[in-house]
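Engineer: Compute the structure for the input listed below.
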Amino acid sequence: MKSFVTALLFGTGLLIAGWLSLSRGAARTEAGYASVLIDGVPHVPQKPDFCGEACAEMYLKRLGRPIDQDDVFNQSGLDPALGRGCYTRELAAALTRIGFRTGPVWYRVAADNANEQLAGAFQSLHADLAEGVPSIVCMHYDEQPETTEHFRLILGYDADTDEVIYHEPAVDNGAYLRMKRERMLELWPLKYDPRSWSLIRLRLEPGQLIDVPQTAGFTNADYAQHILKLKKKLPTDDFHIVLQRPFVVVGDESAEVVRQRATNTVKWAVDRIKRDYFSKDPDQIIDIWLFKDKVSYETHTEQLFGSKPHTPFGYYSSQHRALVMNISTGGGTLVHEIVHPFMAANFPGCPSWFNEGLASLYEQCRDVNGHIWGSTNWRLRGLQGAIGDGNVPSFKTLCSTTTREFYHEDPGTNYAQARYLCYYLQEHGLLVKYFHEFRRAANDDPTGYETLVRVLGEEDMDAFQEKWQQYVMKLRFP
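Structural biologist: Predicted structure coming up:
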């Protein structure tokens, strides 16, 4: 269903004043409309708000073209961040790009001469049906004209019952439904101006139809459908949505601040971690929720996801396909959590120690010649204390930890030790090499320890650990 867009077209000059043939033959009697039917058109239920796109898909299937409603949307040029389907202007653009000759689309109907002009409009539609050309019409969905607009595919007319035959995309069994011609002529005009109504009709006369290229990953249509659903979940009107591929960013700061965070933190981090590590985007569309403060974070996390957050900073939930952030604590945790869905897509067997070590490295980071670069951070002090107390496990022990052991049996050093091992590798030009070699060798070396020994070029790992600890003790933060 469409909403109030046609009224805007009058003011923007998009309404075509033509259709000079609107009233041509209007005096013809109703008995002059012969029965006609374009048969063999499969019915396709629409995705939410994709009624026009689904109408196009139905007739394209009849023509043997493998172009679906998502492809139609993708040809429209509509910004998916708007989270809606095509309005008339965008649908007309998509159909034209696909190769249909839609003809004039917008028509004026003078309210004081409506019956005669509507008769002429229907006569032209009927003449096209007789030539085997169906039409997509935009009409009110039902008898509540102030609420909804909707696209339907007109496929025929039955003279015996004076009924229009159409495909209804909004229902599952909507093939070759019928409505009285009189009712169609009531629903068809969009009466936003009491003096001058508008009719919308898009002819589906095939010209040189194109082959729509198939693209890998998520398309504009995928994001539009995702954002359409997401908009219904927003807790309040204070939230703003920004599409920052491959993520969708949602925040309750000002729209400008949410856009800045999407660009300056999310895009900045994604561009750089992909440059060095990840060739594949996450295999699901993931939302990044940026809550403006502690109260918003705690309140809305429980409201949206059914549980209170277990950390004051933020976390990644694979179950909810979401990164959930208290952004008032800074962007470091956000960059950390961005690493995890990329790791899941590119290195699903990555053990927790390296997954968290690499992610933690970028809690404090900067750009170095277009690459992401970890800096020392708050985890250093605790690690230096543990080194001084002799409480840091061997690297073989660290690499061998199970997921449970890493997270739940942590002696207090797992995150910091993993981070500063990655930091050491980074500072010695070995981190990116280690990542790729570990991933390639993971079937034979699932812990990454043997690969670590090989990349370091160290024969005595006890001696290396001593050297590494001395290195760490000399680091400073801030």
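Engineer: neighbours of residue 59, just the number please.
Structural biologist: Residues near residue 59, counting by other CB atoms under 10 Å, number 24. Bear in mind the C-beta positions are built from the backbone N, C-alpha and C, glycine included.
Engineer: and it, what element?
Structural biologist: Using DSSP states H and E, residue 59 sits in helix 51-62.
Engineer: Remind me what that helix packs against, helices and strands.
Structural biologist: In terms of contacts (3 or more CB pairs under 8 Å, 6 or more residues apart in numbering; DSSP states H and E), helix 51-62 is packed against helix 69-74, helix 88-98, strand 135-140, strand 149-158.
Engineer: which outside residues touch that helix?
Structural biologist: Residues from elsewhere that reach helix 51-62, judged by CB atoms under 8 Å, 6 or more residues apart in numbering: 1-2, 38, 40-47, 67-73, 85-86, 88, 91, 94-95, 98, 100, 134, 136, 138, 150-153, 167, 169-170, 204, 209, 221.
Engineer: I'd like to know which of those residues are buried.
Structural biologist: Buried by 16 or more other CB atoms under 10 Å: 1-2, 38, 41, 43-47, 67-73, 85-86, 88, 91, 94-95, 98, 100, 134, 136, 138, 150-153, 167, 169-170, 204, 221, out of those.
Engineer: Grab the longest helix from this protein for me.
Structural biologist: Looking across the chain with DSSP state H, the single longest helix is helix 114-130.
Engineer: What residues sit buried inside it?
Structural biologist: For helix 114-130, by 16+ other CB under 10 Å, it's 117-126, 128-129.
Engineer: how about that helix as PDB, C-alpha atoms only?
Structural biologist: Taking Å, rounded to 0.1, in the frame of the first residue of the first chain, the C-alpha atoms of helix 114-130 are listed here in PDB:
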ATOM      1  CA  ALA A 114     -15.500  13.300 -13.500                       C
ATOM      2  CA  ASN A 115     -18.000  10.700 -14.900                       C
ATOM      3  CA  GLU A 116     -17.300  11.600 -18.500                       C
ATOM      4  CA  GLN A 117     -13.500  11.600 -18.100                       C
ATOM      5  CA  LEU A 118     -13.500   8.400 -16.000                       C
ATOM      6  CA  ALA A 119     -15.400   6.700 -18.800                       C
ATOM      7  CA  GLY A 120     -12.800   7.900 -21.200                       C
ATOM      8  CA  ALA A 121     -10.000   6.700 -18.900                       C
ATOM      9  CA  PHE A 122     -11.600   3.200 -18.600                       C
ATOM     10  CA  GLN A 123     -12.100   3.100 -22.400                       C
ATOM     11  CA  SER A 124      -8.400   3.600 -22.900                       C
ATOM     12  CA  LEU A 125      -7.500   1.000 -20.300                       C
ATOM     13  CA  HIS A 126      -9.900  -1.400 -21.900                       C
ATOM     14  CA  ALA A 127      -8.500  -0.800 -25.400                       C
ATOM     15  CA  ASP A 128      -5.000  -1.700 -24.100                       C
ATOM     16  CA  LEU A 129      -6.400  -4.900 -22.600                       C
ATOM     17  CA  ALA A 130      -7.800  -5.800 -25.900                       C
END
